[in-house]
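In: Please work out how this folds:
(chains A, B, C and D)
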2 protein chains.
Amino acid sequence: MKKNNKLSVQFRVWFFVNGEKLLGKGRVELLERIQDTGSITNAAKCMNMSYRQAWQMVSEMNKYSERPLVEKQLGGKNGGGAILTEAGRNAIVIFKKLDAKIATFISEEIKKINL
Amino acid sequence: MKKNNKLSVQFRVWFFVNGEKLLGKGRVELLERIQDTGSITNAAKCMNMSYRQAWQMVSEMNKYSERPLVEKQLGGKNGGGAILTEAGRNAIVIFKKLDAKIATFISEEIKKINL
DNA sequence: TTGCGGTATGTTTAATAAAGCATAGTGATG
DNA sequence: CATCACTATGCTTTATTAAACATACCGCAA
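Out: Reported below is the predicted structural model:
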């Protein structure tokens, strides 16, 4: 491994609570889409994900987070919907900040690697 | 998400060459086991992995690395075997160093997070 | 020259994960 | 009080992935 010109480094981070996955890149994106669209259904659609999976993700996030990240409304004018809680909005920020910091850190580190 | 006491952060890193996965935690461990045991077969066994998968991993690593990481020997006294090349030994060191640095970095960063 | 223990690889089977389908529930609103 | 759009959830089907099996090859050594 010497002068491997097109080498790149990728990474992934996850938050766990009691060993249970709380957040990852995908879930954070889902939260953002929910924030944008106001419903799990629409969020799932624009992520090209099945509603079922999106719903399950939200369910797990709410289950394992100290405070729910998503608040869901049944029925009503537009059949209901879903919005982020304060904790949910916060989670996005915290996750993305850490993710960005790690990305920066790694890109600095790989400069030092002489392959 | 406030005072989520048992929160932990996990991460994974991968090396890619031209978009093809070269190394990850699992492959590095496989390299180490090959180094320990002298063969893909035995390395796979102690990782509780099928020989086929281990062989394929080695095959991909050698394919995408500038220089092969594993040198294989057919036939011979003990039926042959596999040993790491200089590049292979080097890859382990580089990967694990970066991995450790990231771990340290993250553990420092999460101290700053007030959940 | 046969046996041994490894590499090499195609094929088949099993396990796991994701998607898809179906259907019930909910509640403001016209 | 029927409708609408969304949540909620079981069940079925499909797709993806990994394991298992089968076999050929390889080369030293007894």
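
In: residues in contact with the residue nearest the centre of chain A?
Out: Nearest to the mean C-alpha position of chain A, counting by C-alpha atoms, centre = their mean, stands A:Val28 at 1.6 Å. Contacts for A:Val28 were tallied using C-beta atoms under 8 Å, 6 or more residues apart in numbering or on different chains; they are A:Ala91, A:Ile92, A:Phe95, A:Lys96. Placement of C-beta: from N, CA and C, glycine included.

In: Could you measure from it over to B:Gly81?
Out: 45 Å (C-beta to C-beta, to the nearest Å).

In: and the gap between A:Asn18 and B:Gly38?
Out: 41 Å.

In: More neighbours: which of the two?
Out: B:Gly38 (17 against 11; other C-beta atoms under 10 Å in any protein chain shown).

In: Identify the single longest strand in chain A, thanks.
Out: strand A:7-17 (DSSP state E).

In: strands paired with the helix or strand following that one, and their directions?
Out: Going down the chain from strand A:7-17, the next helix or strand is strand A:20-23, by DSSP states H and E. Next to strand A:20-23 in the sheet, as set by DSSP bridges, lie strand A:7-17 (antiparallel).

In: can you give me the offset of the partner strand from its chain's centre?
Out: With C-alpha atoms, centre = their mean, to the nearest Å as the basis, strand A:7-17 stands 12 Å off its chain's centre.

In: and it, does that touch DNA strand C?
Out: No: shown here: strand A:7-17 not in contact with DNA strand C (C-beta under 7 Å from any atom of the strand), separated by at least 13.7 Å.

In: what residues does that strand touch?
Out: Here strand A:7-17 has contacts from A:21-25, A:64-66, A:95, A:98-99, A:102-103, A:106-107, A:110, A:115, B:4, B:6-17, B:19, B:22, B:98, B:102, B:106, using C-beta under 8 Å, 6+ apart.

In: And the residues you listed, which of them are buried?
Out: Buried by 16 or more other C-beta atoms under 10 Å in any protein chain shown: A:22-24, A:64-66, A:95, A:98-99, A:102, A:106, A:115, B:4, B:7, B:9, B:11, B:13-17, B:22, B:98, B:102, B:106, out of the contacts of strand A:7-17.

In: out of those residues, who's near DNA strand D?
Out: Okay, of the buried ones among the contacts of strand A:7-17, nothing touches DNA strand D (C-beta under 7 Å from any atom of the strand).

In: check contacts around the closest residue to DNA strand C within chain A.
Out: Per C-beta to the nearest atom of the strand, A:Gly75 is where chain A lies closest to DNA strand C, at 2.2 Å. With contact set as C-beta under 8 Å, 6+ apart, A:Gly75 has no partners.

In: For A:Cys46, grab the count of nearby residues.
Out: For A:Cys46, using other C-beta under 10 Å, the count is 11.

In: mind checking which helix or strand the closest residue to it other than its chain neighbours is in?
Out: Leaving out its chain neighbours, the residue that sits closest to A:Cys46 by C-beta to C-beta, 6 or more residues apart in numbering or on different chains is A:Arg33, at 5.8 Å. Here A:Arg33, judged by DSSP H and E, is contained in helix A:25-37.

In: Show me what the one helix or strand A:Ala100 maps to is packed against.
Out: Assessed by DSSP H and E, A:Ala100 sits inside helix A:86-112. Applying 3 or more C-beta pairs under 8 Å, 6 or more residues apart in numbering or on different chains; DSSP states H and E, we find helix A:86-112 packed against strand A:7-17, helix A:25-37, strand B:7-17, helix B:86-112.

In: what residue ranges in chain A are flagged as low confidence?
Out: A:1-5, A:114-115 (pLDDT under 70).
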